[in-house]
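Engineer: Quick one, fold the following:
(chains A and B)
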Amino acid sequence: MGVYAISGASSGIGAKTKELLLQRGHDVVNIDLKDGDICVNLATEEGREEAIERLSKMHPEGLDGLICNAGVSGACGNLPLIISLNYFGTLALAKGGYDLLVKKHGSCVVTASNTISQGAGRMDIADLLNNIGDEKRILNLVSQMDSTNLSVGNSLYVSTKYALARWVRRVSASWAANGVRINAVAPGNVNTTMTATMSTSAKMALNALPIPTKYGQECLMDADEIAEVMVFLASDAARGVNGNVMFVDGGTDALLNTEKVY
Amino acid sequence: MKPIEKYVEAMENKDFAGLAELFTKDGSLCDYCTNSSSQKEYHIYGKEAIHMFFRNKFGFRQYSIAEAEVVNDTQAEFVANFGGYNIMAIATVREANDDGLIQMLTVRPK
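Structural biologist: Down below sits the predicted model:
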């Protein structure tokens, strides 16, 4: 059986993914701020370094899978945190875990979002993230924005997820050439603690995005629907899948972007 | 030869393997000239990706350079041809390591 590391597995999609992996007999390391096997703050450089150091000590033989899932919503009210955790924390974990994945020809899965195809992101921020990558400067820029405006938080959230998906595409060829597949999952709106504790206006925004597989039910997706795909992508069954941004949103993206076939 | 000179030579000769060898393991080549052509920007991360990408581009005649001139220690100007669409471009070696391998190279419209 394999060894998998997941960030953000104390709740939500990460917790469901961990549960599925454990059910299938794998060892799982949860990297999370609270209740993790490795408790660190991936929004900080120190936390990122500690996570990789401890993971390497726990499993020097390597990893079969690394699922970079930790993140916050655009409604968290902390704009710098959206940038630091969602983008830089994820990249640092994926890059830091790469050598462990190479050892076992493992696979990396990154959590993006189906909002990346809905035009709500700030492409200037996404470009700064991908093409410049200067965390300090970007945080200074973001700190000057209005954190009380929900649409600002949401646009930054989408920007980080867009940049993550694009980064996955960019590195995927070289990673695969070295035996490590990397893919992204783009979930739709999922029923998690993160979405359950959202404000009324944020929930109204969520409900404005219809989920075809939930037609008429007025409900969000279940975390296990996303987790099943994450486990699949991290498994050898998906050995032919690389550089893919897989929308797991019950068909929302197809509904809103029928002409986008690629 | 300086990295920028080797880059121009590899590009002129359509030597995708030689081009890839100029980069570090995780070196990147980003070309922003494509916006005016029908192609999307090139953001190629990693030497293996550079090898595969330009093997395709050169093989299908979707990219070539002409009239190249190295203008200083890190930059070269040339006419970039994107499948028949010509753009005056300037390439810059933004980062290189102590061994002279390119960590980051960008190509922008001039």
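
Engineer: Contact partners for the closest residue to residue A:65 other than its chain neighbours?
Structural biologist: Excluding its sequence neighbours, the residue lying closest to residue A:65 (C-beta to C-beta, 6 or more residues apart in numbering or on different chains) is residue A:234, at 3.7 Å. Backbone N, C-alpha and C define where each C-beta goes, glycine included. Applying C-beta atoms under 8 Å, 6 or more residues apart in numbering or on different chains, one finds that residue A:234 lies in contact with A:4, A:64-65, A:67, A:107-109.

Engineer: Most neighbours out of the residues you listed, which is it?
Structural biologist: With neighbours taken as other C-beta atoms under 10 Å in any protein chain shown, the top of the contacts of residue A:234 is residue A:67, carrying 32 neighbours.

Engineer: That one and residue A:14 touch, don't they?
Structural biologist: Yes: Residue A:67 is within contact range of residue A:14, at 7.3 Å (criterion: C-beta atoms under 8 Å).

Engineer: Pull up the overlap in contacts between these two.
Structural biologist: Counting by C-beta under 8 Å, 6+ apart, the contacts common to residue A:67 and residue A:14 are A:6-7.

Engineer: which parts of the stretch 151-262 of chain A sit against chain B?
Structural biologist: Contact residues of the stretch 151-262 of chain A with respect to chain B, defined by C-beta under 8 Å from any C-beta of the partner chain, are listed as A:166, A:170-171, A:173-175, A:177-178.

Engineer: per-residue pLDDT, the closest residue to chain B within the stretch 151-262 of chain A?
Structural biologist: For the stretch 151-262 of chain A, the residue positioned closest to chain B under C-beta to the nearest C-beta is residue A:174, at a distance of 2.4 Å. At residue A:174, the model reports a pLDDT of 97.

Engineer: ok, now residue B:61?
Structural biologist: For residue B:61, the model assigns a pLDDT of 84.

Engineer: Next, count neighbours for it.
Structural biologist: The number of residues packed near residue B:61 is 11, by other C-beta under 10 Å.

Engineer: Now the residue nearest to it when sequence neighbours are not counted. Its backbone dihedrals?
Structural biologist: In this structure, residue B:61 finds its nearest non-sequential neighbour in residue B:83, 6.9 Å apart by C-beta to C-beta, 6+ apart. Main-chain dihedrals, residue B:83, degrees, to the nearest 10: phi 60, psi 40.

Engineer: Get me the contact residues on chain B for chain A.
Structural biologist: Within chain B, the residues that sit near chain A (C-beta under 8 Å from any C-beta) are B:26, B:28, B:30, B:43-49, B:52-53.

Engineer: just to revisit the earlier point, from the residues of the stretch 151-262 of chain A next to chain B, list the buried ones, please.
Structural biologist: Neighbour counting over those (16 or more other C-beta atoms under 10 Å in any protein chain shown) leaves A:166, A:170-171, A:173-175 as the buried ones.

Engineer: Out of those, the closest to residue A:245 would be?
Structural biologist: Top of the list for closeness to residue A:245, among those and by C-beta to C-beta, is residue A:166 at 8.8 Å.

Engineer: Where does that closest one fall, secondary structure wise?
Structural biologist: helix A:150-177 (DSSP states H and E).

Engineer: picking that back up, what's the burial count for the residue nearest to residue B:61?
Structural biologist: As a burial measure, the neighbour count of residue B:83 was computed by other C-beta under 10 Å and equals 14.

Engineer: could I get the buried ones among the residues of the stretch 151-262 of chain A next to chain B as JSON lines with distance to residue A:27?
Structural biologist: Below are these laid out as JSON lines (distance: C-beta to C-beta, whole Å):
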{"residue": "A:166", "distance to residue A:27": "31"}
{"residue": "A:170", "distance to residue A:27": "30"}
{"residue": "A:171", "distance to residue A:27": "26"}
{"residue": "A:173", "distance to residue A:27": "29"}
{"residue": "A:174", "distance to residue A:27": "28"}
{"residue": "A:175", "distance to residue A:27": "23"}
